[in-house]
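Trainee: Predicted coordinates and the sequence they were generated for:
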Amino acid sequence: MVLHLSTYLSRSPARLLDRIQILSRQYAGHDLTLLFALSANFSDTQDLGKAVNGLVQNFDNTRTIGCLSGRLGSTCINGKNIGNDIVSLSVGVWDSKDVKSFRSTIPGREEAQVGRWHAFRKKEEEEKRKDYSLNEGVSWEEVWDGGKGALLPEELRPLDPSQLNGIIYLSDLKPEGLLSSFHHLPGVTKLGLLASSTPFITGRPVTLFHNHSIYSSGAIGLALTGFHQPKPSFKINFLDVRKLSNPMTITKCEGNMINALNDDNPTQLLISAIKKSGLDTHVSGSFKEEQFSLGTLSADGNVCMQFTQITAGDPSRGSLSIDSPFAPPQGTQVIFLHRPSIAIPSFHLNPTYPSPSHQQLNFLTVSDELHLQLQQPSEDHGFEMTIENSFVAASENGFIFERETCEGENVKCSLPGSFGTLLLPSSSSSSATTTTTCD
């Protein structure tokens with residue numbers, strides 16, 4: 001079981017460093033595994049470096065995985081507005097006998113081109129799965145695998161999926177290879193954060209940590225191996241989202257393009273829905289000013305199973321592009337949704353479900369523009385908040401989940417305000433608590 005989850009926020013980097021020292025005194029020297037997400041928005045890179053060193057060097061005999069994450073500024077947590085200059089650290093600690101850490105170097109999909117590229121690429125990928133040249137030194141394991149996808153990371157291959165409780169991972173922005181390998185682990189809930197972009201902070205596209213190594217690509221993660229323990233459960237919330245349309249049916253799609261809804265022009269339908277809603281916005285067809293998404297409905301048409309951000313639209317041709325490798329299949333019921341670009345995500349991190357024996361691991365999608373538009377640094381220089389039993393990590397790049405009952409359905413949540421929660425059984429019976437101090 002998880003031994004510790006917490007999220008710490010402070011305006012003072014020095015206090016955050018003190019927090020790391022407290023945690024290291026408590027957990028260093030034991031056979032434990034540490035998961036961390038450290039926000040990258042330190043005003044002084046030397047303070048950021050000290051925090052990283054404290055996390056990867058001060059925990060003797062502890063396996064460590066972590067990443068630089070997005071800021072939690074311009075959010076409201078437990079009723080408290082979080083300023084943009086607040087730095088944060090989320091930490092999870094497990095007994096190493098209950099988890100297995102892994103590192104993935106499986107390559108992902110190359111950067112997508114606009115429109116029909118996806119359809120041709122899909123065909124090429126299918127052809128590649130069928131044919132192998134014996135002169136290319138191809139792995140026989142891949143041949144015998146029958147093209148079902150990449151092999152699992154080496155550390156995960158010996159594991160029996162029936163004895164796994166879940167997978168938690170931190171990834172670069174091209175996780176497709178790893179996701180493909182997960183077909184070897186059916187019936188297991190998987191939740192992964194696409195790490196925050198850090199090219200102007202560390203000089204790396206993303207910054208991942210595995211023990212004493214730093215990586216710019218690939219993924220790192222934990223397999224929850226305590227099969228004798230209760231399985232975690234997963235839930236997803238979409239904050240500040242407004243319904244814009246009635247249910248519609250996808251009647252034509254290709255790649256990541258939706259070409260017809262109810263046999264009509266999808267972009268024109270969206271523009272019409274925006275006008276009817278009374279939204280005060282100018283829609284140019286690029287949808288860059290506001291955040292619109294497509295909600296996929298359950299079979300009974302009542303529940304949104306996933307939200308996918310709409311990235312572009314062509315009023316004349318009609319096609320809508322979505323932030324996903326492939327659109328939902330024909331016949332799927334969907335609705336249009338809108339989230340104001342200036343919305344401030346507001347949520348509570350006190351686990352109230354269904355008993356205090358559960359702790360929360362949360363991933364939040366944030367906007368990379370919110371901090372430029374909203375709050376100014378507060379005069380509350382002593383702000384400090386410690387939230388026990390809850391781990392929250394943010395990223396402007398989103399997160400991905402796969403429910404244990406929906407094998408192979410990896411859902412990317414790139415819409416700001418997407419909030420995924422993994423509820424973990426805890427070894428502690430104490431209730432979650434939140435403390436806020438303002439010196």
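Mentor: Perfect, thanks for sending it.
Trainee: Give the residue spans of the stretch 151-300 of the chain that score low on pLDDT.
Mentor: Low-confidence segments of the stretch 151-300 of the chain (pLDDT under 70): 227-228, 280-289, 300.
Trainee: show me where it has strands.
Mentor: Using DSSP state E, counting those that start in this stretch, the strands of the stretch 151-300 of the chain run over 166-171, 190-194, 208-210, 213-215, 219-224, 233-238, 242-243, 248-254, 257-261, 291-297.
Trainee: Next, format those strands as a markdown table and append mean neighbour count and distance to residue 59.
Mentor: For every residue, glycine as well, the C-beta is placed using N, CA and C. Output for the strands of the stretch 151-300 of the chain, formatted as a markdown table (neighbours: other C-beta atoms under 10 Å; distance: least, C-beta to C-beta, whole Å):
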| stretch | mean neighbour count | distance to residue 59 |
| --- | --- | --- |
| strand 166-171 | 26 | 17 |
| strand 190-194 | 25 | 21 |
| strand 208-210 | 22 | 11 |
| strand 213-215 | 14 | 15 |
| strand 219-224 | 25 | 15 |
| strand 233-238 | 17 | 28 |
| strand 242-243 | 12 | 44 |
| strand 248-254 | 18 | 48 |
| strand 257-261 | 22 | 47 |
| strand 291-297 | 23 | 39 |
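Trainee: and those strands as a markdown table, adding distance to residue 25?
Mentor: Formatted as a markdown table, the strands of the stretch 151-300 of the chain follow (distance: least, C-beta to C-beta, whole Å):
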| stretch | distance to residue 25 |
| --- | --- |
| strand 166-171 | 25 |
| strand 190-194 | 27 |
| strand 208-210 | 20 |
| strand 213-215 | 24 |
| strand 219-224 | 23 |
| strand 233-238 | 33 |
| strand 242-243 | 47 |
| strand 248-254 | 55 |
| strand 257-261 | 54 |
| strand 291-297 | 43 |
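Trainee: Tell me, how many residues neighbour residue 26?
Mentor: 12 (other C-beta atoms under 10 Å).
Trainee: Tell me if it really is in a strand.
Mentor: No - counting by DSSP: H, G, I helix; E, B strand; the rest coil, residue 26 is not found in a strand; it is helix.
Trainee: What are the structural domain limits within this structure?
Mentor: Following automatic domain parsing, the chain resolves into domains at 2-104+155-238+345-438, 110-149, 242-339.
Trainee: Return the most buried member of these.
Mentor: Neighbour counts (mean count of other C-beta atoms under 10 Å) averaged over each of these peak at domain 2-104+155-238+345-438, with a mean of 19.
Trainee: For that domain, what is the distance to the chain centroid?
Mentor: 9 Å (C-alpha atoms, centre = their mean, to the nearest Å).
Trainee: low-confidence ranges in the stretch 301-439 of the chain?
Mentor: For the stretch 301-439 of the chain (pLDDT under 70), the answer is 301-305, 350-357, 369-381, 407-408, 426-439.
Trainee: mind listing the strands for it?
Mentor: 304-313, 320-322, 333-339, 346-347, 358-365, 383-388, 390-395, 399-402, 411-413, 418-425, 434-438.
Trainee: Now render those strands as JSON lines, adding distance to residue 55.
Mentor: Below are those laid out as JSON lines (distance: least, C-beta to C-beta, whole Å):
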{"stretch": "strand 304-313", "distance to residue 55": "32"}
{"stretch": "strand 320-322", "distance to residue 55": "36"}
{"stretch": "strand 333-339", "distance to residue 55": "33"}
{"stretch": "strand 346-347", "distance to residue 55": "25"}
{"stretch": "strand 358-365", "distance to residue 55": "17"}
{"stretch": "strand 383-388", "distance to residue 55": "17"}
{"stretch": "strand 390-395", "distance to residue 55": "14"}
{"stretch": "strand 399-402", "distance to residue 55": "21"}
{"stretch": "strand 411-413", "distance to residue 55": "26"}
{"stretch": "strand 418-425", "distance to residue 55": "21"}
{"stretch": "strand 434-438", "distance to residue 55": "22"}
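Trainee: Any idea which of those gets closest to residue 240?
Mentor: Of all the strands of the stretch 301-439 of the chain, strand 333-339 sits nearest to residue 240, with 5.4 Å by C-beta to C-beta.
Trainee: for the strands of the stretch 151-300 of the chain, which one sits closest to residue 2?
Mentor: strand 219-224 (8.6 Å).
Trainee: Which elements pack onto the closest one?
Mentor: strand 63-69, strand 99-104, strand 166-171, strand 208-210 (3 or more C-beta pairs under 8 Å, 6 or more residues apart in numbering; DSSP states H and E).
Trainee: For residue 86, find the nearest of the ones you listed.
Mentor: strand 63-69 (12.9 Å).
Trainee: Quickly run through the sheet partners of the next helix or strand after the closest one, with directions.
Mentor: Following strand 63-69 in sequence order, the next helix or strand is strand 75-77 (DSSP states H and E). Strand pairing for strand 75-77, using DSSP bridges, gives strand 80-82 (antiparallel), strand 346-347 (parallel).
Trainee: Adding distance to residue 273, write those strands out as CSV.
Mentor: Below are the strands paired with strand 75-77 laid out as CSV (distance: least, C-beta to C-beta, whole Å):
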stretch, distance to residue 273
strand 80-82, 32
strand 346-347, 25
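Trainee: mind checking which of the ones you listed is nearest residue 181?
Mentor: strand 346-347 (31.9 Å).
Trainee: Could you list the residues in contact with the helix or strand residue 36 falls within?
Mentor: Counting by DSSP H and E, the element that carries residue 36 is strand 32-39. For strand 32-39, the external contacting residues (C-beta atoms under 8 Å, 6 or more residues apart in numbering) are 3, 27, 48, 51-52, 55, 59, 61-72, 87-96, 99, 101, 168, 170, 193, 209, 222, 391, 393-394.
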